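# coords please:
(chains A and B)
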Protein chains: 2
Amino acid sequence: MNKKYSELAELFRSEKTDEEILDFLLNYHKNDIADMMAGMTEEERKRLYHLLGAQKVAEIFKYIEEPRKYIRELSVESAARVISEMDSDDAVDLLEDLDPEEKEQIVRMLDEDAKKDVKMLLSYDEEEIGSCMTTNYICIPENLTIRQAMSELVKQAGENDNIMTIYVVDEKGVFAGAIDLKDLIRARENTHLEDLVLKSYPYVTDHEKIDDCMDRILDYAEDSIPVLSEDKKILGVITSEDLIEMVDNEMGEDYAKLAGLTAEEDLKEPTLQSMKKRLPWLIILLFLGMAVSSVVGLFENVVAVLPVVICFQSLVLDMAGNVGTQSLAVTIRVLMDENLTGKQKFQLVVKEVKTGSLNGILLGVMALLCLGVYVHFFKGYTWMGAFGISGCVGVSLLVAMAISSAVGTVIPMFFHKIKVDPAVASGPLITTVNDLVAVVTYYGMAWLLLIR
Amino acid sequence: MNKKYSELAELFRSEKTDEEILDFLLNYHKNDIADMMAGMTEEERKRLYHLLGAQKVAEIFKYIEEPRKYIRELSVESAARVISEMDSDDAVDLLEDLDPEEKEQIVRMLDEDAKKDVKMLLSYDEEEIGSCMTTNYICIPENLTIRQAMSELVKQAGENDNIMTIYVVDEKGVFAGAIDLKDLIRARENTHLEDLVLKSYPYVTDHEKIDDCMDRILDYAEDSIPVLSEDKKILGVITSEDLIEMVDNEMGEDYAKLAGLTAEEDLKEPTLQSMKKRLPWLIILLFLGMAVSSVVGLFENVVAVLPVVICFQSLVLDMAGNVGTQSLAVTIRVLMDENLTGKQKFQLVVKEVKTGSLNGILLGVMALLCLGVYVHFFKGYTWMGAFGISGCVGVSLLVAMAISSAVGTVIPMFFHKIKVDPAVASGPLITTVNDLVAVVTYYGMAWLLLIR
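Now for the predicted structure:
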């Protein structure tokens, strides 16, 4: 499976004839050819395209992560022929990657079917499920016999290779259900086709938001799910391959958002674009940080009298932040389940606060003991004074961690409720609220216990 | 698609006969029945199991998130019959959910085939790909005619419903390739079966770690991939449904680890178990925080002379932390691509530092201006003094952000290199290093510029 990167290039540089090379090529998996193309020269790749023909090249291009470079090695006519052979969603992905003029030129030269499909997919917003579907599916009328259905399948399978599920429509072209291919294959001649149709087969409608229907599609665990128009006509299907991509994207986006990026980044992205994705949150955080600073400023007099307290400010703030992030991560994952009841949400808050407080007690005691010893020996305070200070840290840790857990759970739930993505909005707000809580508790405690 | 939660319960509470109810039941999607079972009483569910029979109940149980409760409503014999009908991986998932004695009892009563498969799957470590495979696949010898292959398929399809890819073995039972079902369906009578076999079809071996081979499997975008033993015999397959689950799990784990949890949590988990998942990192972070505290302690004299500097400590530390997290999130996603070259990694570091520094310049200037005005008006410093202080903050921000970006990129790369999961280990180390850098820069700057 680990084909040598240069294997194909060597093949093309050998004395072999076109036919011999083609024989070798047909033995490779398309994905391996896609990988090895990076090791070839432009001239060699052009010979490869020529040898394989539009259909096979289309299958290979599906596997190439950045096909832009290679598409430019083809004439506009050849590029259009290749893209016409691709599944509509892959074709659109590729076209979206090109410059607007290139895209225009190629779309104009696509064959009629492909042009129609591509234009339909491009008409959807990228957040709508319609933008991810493929028009590669099998569809038959409901009044066929088993034998007719089978031969219709063989006929359509030449063009469309998602044959696992066969969609059935009534005489008006309205979606009537689906047949599992294995049921059709196992069926006896004299069975009625109707008996094979799953009438309550799940579907989505074209303008639904991906985020809203993804969980539902995943729940049904089918190989493909039809995308219907308002009037229940089939427009396309979502395949399990699309689903894997959707799960990967959605999780990747959430992941990025949790870290204060507005969208996912990749290696090839220009610095300016990365800056744009990161700056919005950094600026918001800067101003929230300034707000925290002005609250810290209120305790200047505590610090002036007892400078040793500043040593542990970062400790208390960091721990509150860490606990808040843990609760946030758990809550966001739990909120992905859209069927959560109010009672379950309440249970989650209770559980988080319980976990946070119990951890807080443990860590508070550890801090009390370790820091007391440290302050006594290294800062030269009396045992009383040292444990006074470490006591402040311990109690602040406990209080800050309990409150942070609650904040880290309630804030994402609130954003989820008002339909704002909790992964984006929660992070900074939680950091700020937790910083404020921690600062006020810590310095307040120091003032009360040690100074007054 | 949004079946009423109580629809099934109502059906069972009506005066309908068993036959009428069964007619209704067969019209529902299995996933909908699974959902609606929660709204029924135990008695009603028992009638449902009885009406549907083991095979259909098995199909429904696949969709139930926590089947433990329902399995207990069945006698051990019935439970064993149901589990025998399930795909081996689903059966194992369910069995793992039961108490050890229950599991033992049921496994003993499984039918021979199921028992063999379940025992084989259970023999793998849960990190090995063998633990996720299913033994539901079609396998034929390579020397058949097209017609023989087709009838062999129809025969095996009664038992195994992953028919999209048909695996081919030689006379010794060694994996020889795969046939795409659509090619078999489209093939003419007189084609040689051999011509349909994809000989370089990708595969994995049973003891490979899921993390190591997942990306490779995803790359090939096939409906199913065979799992082979050391001697290249087929043991099972990984289906696209398994893949979706693997992607979801892997991302969820990474997500949780980034937030300092040792593993993913869910709602139902006891508090004690959640504590255990969170405490390890919190304790490490506490001690790392103490290390930072002792460094802050070195600057006590700066604070004693100029207490106003403490206002902005949290600001500088938080911003350094935020930038480090952004770089970490980007780096972890980029590192998921196992084919990354050393040059690409270096490029990533350069890009991150560039992005961090440019953002640092922008935010540094913003902080300089805003805080200068704030300190002058609210803290009563002269313009000179105010901009001296805000200048320290601005320059520290720039330096801390540039260094944090580098740290947030290099540390996960280092852990990745030494084969430690970067999502787990990086977070705390980055926080600590960044805190140290920020503290030393900020107080060092304040001491140099303002005090000396």
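
# So which residues on the stretch 51-200 of chain A come close to chain B?
A:62-63, A:153-154, A:157-158, A:161, A:163-164, A:180-182, A:185-186, A:198-200 (CB under 8 Å from any CB of the partner chain). Yep, even glycine has a C-beta here, placed from its N, CA and C like the rest.

# Just the ones of those residues in helices?
Cross-referencing these with the helices (criterion: DSSP state H) gives A:153-154, A:157, A:181-182, A:185-186 as the overlap.

# where does the closest residue to A:Asn160 other than its chain neighbours land in three-state SS?
Here the nearest residue to A:Asn160 in space, its sequence neighbours aside, is A:Asn136; by CB to CB, 6 or more residues apart in numbering or on different chains that works out to 4.6 Å. Three-state assignment for A:Asn136 (DSSP: H, G, I helix; E, B strand; the rest coil): coil.

# A:Asn136 - how many residues pack around it?
Residues lying near A:Asn136 (other CB atoms under 10 Å in any protein chain shown) number 20.

# Quick one: mean pLDDT for the top helix by length along chain A?
Scanning chain A for the helix with the most residues, using DSSP H, yields helix A:342-378. Taken as a whole, helix A:342-378 has an average pLDDT of 91.

# and that helix, what does it pack onto?
Secondary structure elements in contact with helix A:342-378, counted by 3 or more CB pairs under 8 Å, 6 or more residues apart in numbering or on different chains; DSSP states H and E, are helix A:313-335, helix A:383-417, helix B:271-297.

# Can you lay out those helices as CSV showing distance to B:Val375 and mean pLDDT?
Compiled in CSV, the helices and strands packed on helix A:342-378 are given as follows (distance: least, CB to CB, whole Å; pLDDT from 0 to 100):
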stretch, distance to B:Val375, mean pLDDT
helix A:313-335, 19, 87
helix A:383-417, 27, 91
helix B:271-297, 21, 86
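
# Go through those and pick out the most buried.
Stretch with highest mean neighbour count among the helices and strands packed on helix A:342-378: helix A:313-335 (a mean of 26; mean count of other CB atoms under 10 Å in any protein chain shown).

# Show me where the stretch 51-200 of chain A has its strands.
Applying DSSP state E, counting those that start in this stretch to the stretch 51-200 of chain A gives strands spanning A:138-141, A:165-169, A:175-180.

# quick one: buried residues of the shortest one?
Of the residues in strand A:138-141, those with enough neighbours to count as buried (16 or more other CB atoms under 10 Å in any protein chain shown) are A:138-140.

# which of those lies closest to chain B?
Within the set of the buried residues of strand A:138-141, A:Ile138 lies nearest chain B; the separation is 9.9 Å, counting by CB to the nearest CB.

# Residues in a beta bridge with that closest one, which ones?
Here A:Ile138 sits in beta bridges with A:Ile166, going by DSSP bridges.

# Report the contact partners of it.
Residues counted as contacts of A:Ile138 (CB atoms under 8 Å, 6 or more residues apart in numbering or on different chains) are A:153, A:156-157, A:160, A:162-163, A:165-167.

# Between all of those, which two are at the greatest distance?
Among these, the pair separated by the greatest distance (CB to CB) is A:Ala157 and A:Tyr167, at 13.7 Å.

# More neighbours: which of these two?
Set side by side, A:Ala157 and A:Tyr167 show more neighbours around A:Tyr167, with 21 against 17, by other CB under 10 Å.

# hang on, the more buried one packs against A:Pro226?
Yes. Under the criterion of CB atoms under 8 Å, A:Tyr167 is in contact with A:Pro226, at a separation of 5.7 Å.

# Common neighbours of these two, please.
Shared contacts of A:Tyr167 and A:Pro226 (CB under 8 Å, 6+ apart): A:137, A:175, A:178, A:234, A:237.

# What is the nearest of those to chain B?
A:Ala178 (10.2 Å).

# among the residues of the stretch 51-200 of chain A next to chain B, which ones are buried?
Buried members of these, counted by 16+ other CB under 10 Å: A:62-63, A:153, A:157, A:161, A:163-164, A:180-182, A:185-186, A:198, A:200.

# Kindly indicate which of these lies nearest B:Ser293.
When these are compared for distance to B:Ser293 (CB to CB), A:Tyr63 comes out closest, at 52.5 Å.

# Phi first, then psi, for the closest one.
phi -90, psi -10 (degrees, to the nearest 10).

# ok, the closest residue to it other than its chain neighbours - contacts?
For A:Tyr63, ignoring the flanking residues on the chain, the nearest one in space by CB to CB, 6+ apart is A:Ala34 at 3.7 Å. Each residue near A:Ala34 by CB under 8 Å, 6+ apart is listed here: A:60-61, A:63-64.

# Which other helices and strands does the least confident helix or strand in chain A by mean pLDDT contact?
Least confident element among the helices and strands of chain A, by mean pLDDT, DSSP states H and E: helix A:240-258 (a mean of 81). Contact here means 3+ CB pairs under 8 Å, 6+ apart; on that basis helix A:240-258 packs against helix A:210-220, helix A:313-335, helix A:422-446, helix B:240-258, helix B:313-335.
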